[in-house]
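S.K.: sequence and predicted structure, then a few things I'm wondering about:
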Amino acid sequence: MKIKVSAFAALIAAVLIGCNKPVSRQTEEKPCEQKLDVSEAKLDRFGITNRDYLSTASKRALQWQYVENDWYRVFNPMKSLKGDLAYEEGVVRRDPSAVIKVDGLYHVWYSRSTGKTDGFGGDVENEKVFPWDRCTIWHATSKDGWTWKEDKEAAIPLGEKGTYDDRSVFTVEVMQWQDMYYLCYQTIKSPYDVRTKNEVGLAWSNSPNGPWTKSKAPILKPADNGIWKGTEQNRFMVEKKGDFDSHKVHDPCILPFNGKFYLYYKGEQMGEEILYGGRQIRHGVAVADNPKGPYVKSKYNPISNSGHEICVWPVDGGIASLITTDGPERNTFQFAPDGINFEIRGAVKGQNMPHAIGLNRTLKATKENPTAVFDWGLSHVYNSWHYQSIMRFESYRKTSHVAQGAKAKTGKKKKDTQKDN
Ligand code: AAL
């Protein structure tokens with residue numbers, strides 16, 4: 001009888017399970033159903049013993065949308081930079097932008113501040129609450145990507161007292177588009193307390209060396225639908241949490257995509273919780289017809305359920321994203337053909353993982369090597385809580401796992417010096 005059931009199952013080779021079709025108020029309706037492929041070939045590939053006894057994990061494996069092996073990276077230990085970007089005691093240099101190359105020189109922008117961090121316990125009006133507080137945005141250039149020369153003054157200074165960016169401008173990204181350069185970055189208006197809303201500003205120039213014109217108002221703001229509980233300095237106490245980005249919009253990065261401009265960002269929510277052993281962080285996107293905006297938040301936000309700093313790049317007609325640090329899907333590569341609906345495609349080994357990646361935009365990702373942009377780039381390290389410095393990351397692609405001297409699937413033997421490709 002059992003054999004007959006199995007044979008029947010093999011014939012239809014499908015099990016019905018709930019699917020993710022976007023249906024409004026789906027909980028009030030009968031959830032739609034999706035067929036699960038339990039063909040012999042699929043069971044054999046995943047080593048599933050018995051199609052009549054599928055564990056929850058096996059069912060999940062059978063639902064994987066993408067089971068190829070071309071999105072996997074291993075990071076080497078980070079390396080020190082030379083010249084002005086070498087570690088300097090007393091100075092914070094962090095959150096580097098993408099690296100671009102113009103007229104034979106690499107360019108990078110980053111947050112810079114001096115002095116130690118006081119935290120939120122004292123006079124927040126006059127002290128420095130975070131390493132990224134009281135920052136301005138600086139620019140450095142390099143011939144070889146190792147030795148960097150910092151400009152003599154900030155590329156983006158603070159706004160005048162009373163303006164939206166009078167306290168800190170930081171965590172910058174660069175976009176080069178039609179002979180113009182755009183810097184988008186986080187902004188704080190003083191005072192900076194634990195409930196201060198964080199916004200996003202923009203500046204533009206026809207040269208990477210500036211001068212920069214700043215937007216008069218933020219181009220992106222947190223959702224305005226959370227309600228704090230009481231007046232205490234506590235960001236966890238809320239009457240209502242509001243959208244995923246009700247407190248802060250962070251880590252902005254604009255990519256030209258499908259004739260429009262997609263501003264990817266990290267949201268922080270009022271009343272943030274700890275979930276899956278990490279912070280409750282999700283990403284969103286806002287779209288504009290023009291690089292200067294107006295940017296309209298996607299109705300599909302949030303577009304991730306995990307992650308931290310934004311790390312996105314164009315590949316194969318869509319947008320890829322590296323999700324790091326927080327949430328159940330941390331350390332995964334994800335891909336969205338439409339820039340919005342991301343699926344997991346692969347993973348990174350957690351070891352040596354850089355967390356504030358400035359991608360190298362001179363490297364091009366391809367369908368065959370979608371993570372080529374990670375060959376090298378910049379990130380930061382915490383030399384201490386007070387001071388951070390920018391370093392170089394390098395990584396390599398790994399698509400096989402072969403013992404030294406043994407034959408790979410291609411039939412070739414692996415040499416002792418050879419890394420997996
Ligand atoms: C980073 C980023 C943003 C935050 C701070 C500096 O991890 O998410 O930039 O504001 O930390």
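M.R.: Looks like it arrived, so ask away.

S.K.: what's the closest non-adjacent residue to K364?
M.R.: A372 (6.5 Å; Cβ to Cβ, 6 or more residues apart in numbering). The way it works is simple: take the backbone N, C-alpha and C, and place the C-beta from them, glycine included.

S.K.: quick check: the one you found touching N360?
M.R.: No: assessed by Cβ atoms under 8 Å, A372 is found out of contact with N360, at 9.6 Å.

S.K.: for the chain, which residues are neighbours of the ligand?
M.R.: 95, 132, 171, 186, 250-251, 266, 308-309 (Cβ under 6 Å from any ligand atom).

S.K.: can we see that at 8 Å?
M.R.: Counting by Cβ under 8 Å from any ligand atom, the chain comes close to the ligand at 94-95, 111, 130-132, 170-171, 186, 198, 248, 250-251, 266, 308-309, 325, 355-356.

S.K.: could you flag which of those are buried?
M.R.: Buried by 16 or more other Cβ atoms under 10 Å: 94-95, 111, 130-132, 170-171, 186, 198, 248, 250-251, 266, 308-309, 325, 356, out of these.

S.K.: strands - which of the residues you listed land there?
M.R.: 94, 111, 170-171, 186, 248, 250-251, 266 (DSSP state E).

S.K.: could you dump the residues you listed to TSV with pLDDT?
M.R.: Output for those, formatted as TSV (pLDDT from 0 to 100):
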residue	pLDDT
R94	98
S111	99
F170	98
T171	98
Q186	98
K248	98
H250	98
D251	98
K266	98
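
S.K.: which two from those residues end up farthest apart in space?
M.R.: Spanning the widest gap among those are R94 and K248, at 16.8 Å by Cβ to Cβ.

S.K.: what number of residues lie near the closest residue to K197 other than its chain neighbours?
M.R.: Excluding the flanking residues, the one nearest K197 by Cβ to Cβ, 6+ apart is P222, at 5.1 Å. Per other Cβ atoms under 10 Å, the neighbour tally for P222 reads 24.

S.K.: go on, N69?
M.R.: 11.

S.K.: pretty sure it is in contact with H401, am I right?
M.R.: No: if you go by Cβ under 8 Å, N69 and H401 don't touch, sitting 9.7 Å apart.

S.K.: which ones are touching the residue of the chain found nearest the ligand?
M.R.: Nearest to the ligand in the chain, going by Cβ to the nearest ligand atom, is T171, at a distance of 3.6 Å. Counting by Cβ atoms under 8 Å, 6 or more residues apart in numbering, T171 touches 95, 111, 132, 185-186, 250-252, 309.
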